[in-house]
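Q: Quick one, fold the following:
(one chain, ligands or ions: 1)
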Amino acid sequence: MAKDTLSVTDNRTGKHYEIPIEEGGVIRATALRQIKAADDDFGLMSYDPAFTNTASCRSRITYIDGDKGILRYRGYPIEELAEKSNYLETAYLIVKGELPDRGHYDRWENNIKIHTMVHENIKKFMEGYRYDAHPMGMLVGTVGALSTFYPDAKDIHNLESRRLQTRRLIGKIPTLAAFAYRHTKGLPYVYPDNELSYTGNLLSMLFKMTELRYKPNPVLERALEVLFILHADHEQNCSTNAMRSVGSSQPDPYATAAAAIAALYGPLHGGANEAAIRMLMDIGSVAAIPDMIKKVKNGDRRLMGFGHRVYKNYDPRAKILKEMAAQVFEVTGRNPLIDIAIELERIALQDDYFISHKLYPNVDFYSGIIYQAMGFPMDMFPVLFAIPRTSGWMAQWAEMVRDPEQKIARPRQVYIGEQLRRYSPLQSRPKPTQREDAVSEAI
Ligand code: SDX
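A: Here you go, the predicted structure:
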């Protein structure tokens, strides 16, 4: 009868160990500590920079099969949610674990809408930013600042407090995002219009000018709903890992979410949609694609919007966005960059380098083209990623807080530095050698 264990022989000592293989096909890294070369040995550690093969938690929220290109929120396929749901309903599913009935949905929508306003002082923070400040930098600052307005949020073990902060942040982040955008444009802030949908209200706060009431284009409103559904969660991505790791020292969720937004800001993560559009604009024409492919294969450039740590097949979200682009263009006019994107994808997917590296378009490859066609400036693209991901971050954070196995995150290291050295007085130190000079320049 096959046993769920790993039989390990330490050839340094000839000792044998049986390590349990737990549910999900994992072994506990702490089980390696018993494997010692000598009694006073620390024992073996696992070494996994960037956690390429390390599970940090058990989660019920999102399931991804990278080889099959499967993405499900609480078991529901992303394709069905994108076609039939809306963002607030999907956020409820991610946060609560089930699709709401009519009564629960109405209460959830109302509970979000009554939290769309922000303290008037936030506007004063915004005034402190330069006119050309990146809105993601402003979002990191203003979401973190919410921490100072809601001291009750520190009570993270209180279920009702966690629920209230979740509603507050899902409600307020579109307002903060829109205020940041309006600041960069030198336009007056537009207050929330709770008669509109979640995405319609965002469009109003972003684009309302002198009209008495903003009327969102229903095609663009729906496109934003789909974009937000697709971006709502994605298991243990870099920014969710930041949310869980920072959250593990138990600050309030606003300070924690600021860390997640900072992680998302990076061009290898949520900043990739902005970087992908800049890349497509840099390529400029279909004729210039072969030269770009050559630079990528030489390692001189990265194909932004391509590749994924988990998806080694086509990102299902990219497939949905590629198909949705045409509907948006019927309203906005065709974004010519789509032709470069489609040709770039066609060429790349036939190229051995991309095939061997299993590099396919990810969610960021097409989202920027749609956002640009909708009239968003490029530096707002990662902000539009952060808004829906807030529901995922809050759900993952709450799951971490509730998980009895979790504690403050504190990885080990492999020390490769100097051994013991004694302090010497300044005047007696010899002139450093060339090698030491080079080292002293290291930051
Ligand atoms: C998101 O994790 C998530 O779930 C994230 C996300 C979410 O919803 O939260 O899905 C959102 O962040 C999507 C990814 C957006 N980022 C980009 O599009 C930036 C470009 N992509 C890459 O930088 C890269 O593909 C990553 C960061 C997405 C994944 O990087 P990995 O898994 O660490 O892979 P790697 O950097 O170690 O690359 C492996 C090999 C390398 O070649 P070798 O050194 O082995 O020869 O693949 C190459 C890389 O050079 N490679 C690429 C490439 N991505 C990887 N080469 C060219 N272009 C690329 N885009």
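
Q: and whichever helix in the chain runs longest, what other elements does it pack with?
A: Assignment by DSSP state H gives helix 159-185 as the longest helix of the chain. With contacts taken as 3 or more Cβ pairs under 8 Å, 6 or more residues apart in numbering; DSSP states H and E, helix 159-185 sits against helix 102-113, helix 121-128, helix 135-149, helix 198-207, helix 253-265, helix 381-402. To be clear about C-beta, it is placed using only N, CA and C from the backbone, and glycine gets the same treatment.

Q: In JSON lines: those helices, plus mean neighbour count, mean pLDDT and distance to residue 236.
A: Listed next are the helices and strands packed on helix 159-185 as JSON lines, based on neighbours: other Cβ atoms under 10 Å; pLDDT from 0 to 100; distance: least, Cβ to Cβ, whole Å:
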{"stretch": "helix 102-113", "mean neighbour count": "15", "mean pLDDT": "98", "distance to residue 236": "25"}
{"stretch": "helix 121-128", "mean neighbour count": "14", "mean pLDDT": "94", "distance to residue 236": "31"}
{"stretch": "helix 135-149", "mean neighbour count": "21", "mean pLDDT": "97", "distance to residue 236": "21"}
{"stretch": "helix 198-207", "mean neighbour count": "23", "mean pLDDT": "98", "distance to residue 236": "26"}
{"stretch": "helix 253-265", "mean neighbour count": "24", "mean pLDDT": "98", "distance to residue 236": "12"}
{"stretch": "helix 381-402", "mean neighbour count": "25", "mean pLDDT": "98", "distance to residue 236": "8"}
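
Q: can you list those helices in TSV and add distance to the ligand?
A: As requested, these are exported to TSV (distance: least, Cβ to the nearest ligand atom, whole Å):
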stretch	distance to the ligand
helix 102-113	22
helix 121-128	27
helix 135-149	14
helix 198-207	19
helix 253-265	8
helix 381-402	7
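
Q: Of all those helices, which one is nearest residue 9?
A: When the helices and strands packed on helix 159-185 are ranked by proximity to residue 9, the top entry is helix 381-402, at 36.2 Å, counting by Cβ to Cβ.

Q: now that closest one: how far from the chain's centre is it?
A: In terms of Cα atoms, centre = their mean, to the nearest Å, the centre of helix 381-402 is found 8 Å from the chain centre.

Q: Just send the helices and strands packed on helix 159-185 back as a markdown table, with distance to residue 229 too.
A: Converted to a markdown table, those look like this (distance: least, Cβ to Cβ, whole Å):
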| stretch | distance to residue 229 |
| --- | --- |
| helix 102-113 | 15 |
| helix 121-128 | 27 |
| helix 135-149 | 21 |
| helix 198-207 | 10 |
| helix 253-265 | 17 |
| helix 381-402 | 7 |
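
Q: residues contacting the closest residue to residue 245 other than its chain neighbours?
A: Nearest non-adjacent residue to residue 245, counting by Cβ to Cβ, 6 or more residues apart in numbering: residue 409, 4.3 Å away. Shown in contact with residue 409 (Cβ atoms under 8 Å, 6 or more residues apart in numbering): 56, 244, 245, 248, 249.

Q: Angles on the backbone of residue 409, please.
A: phi -80, psi 120 (degrees, to the nearest 10).

Q: tell me the SS of the residue of the stretch 1-150 of the chain found nearest the ligand?
A: With Cβ to the nearest ligand atom, the shortest gap between the stretch 1-150 of the chain and the ligand falls at residue 50, namely 6.3 Å. Taken by DSSP: H, G, I helix; E, B strand; the rest coil, the conformation at residue 50 corresponds to helix.

Q: How much space separates it from residue 286?
A: 35 Å (Cβ to Cβ, to the nearest Å).

Q: Between those two, tell me which one has more neighbours.
A: Using other Cβ atoms under 10 Å as the criterion, residue 50 and residue 286 rank with residue 286 on top: 14 against 8.

Q: so who does that one touch?
A: Neighbouring residues of residue 286 by Cβ under 8 Å, 6+ apart: 339, 340, 343.

Q: Let's see that with 6 Å instead.
A: Going by Cβ atoms under 6 Å, 6 or more residues apart in numbering, residue 286 touches 340, 343.

Q: Any figure for the gap between it and residue 397?
A: Look at residue 286 and residue 397: by Cβ to Cβ, they are 44 Å apart.
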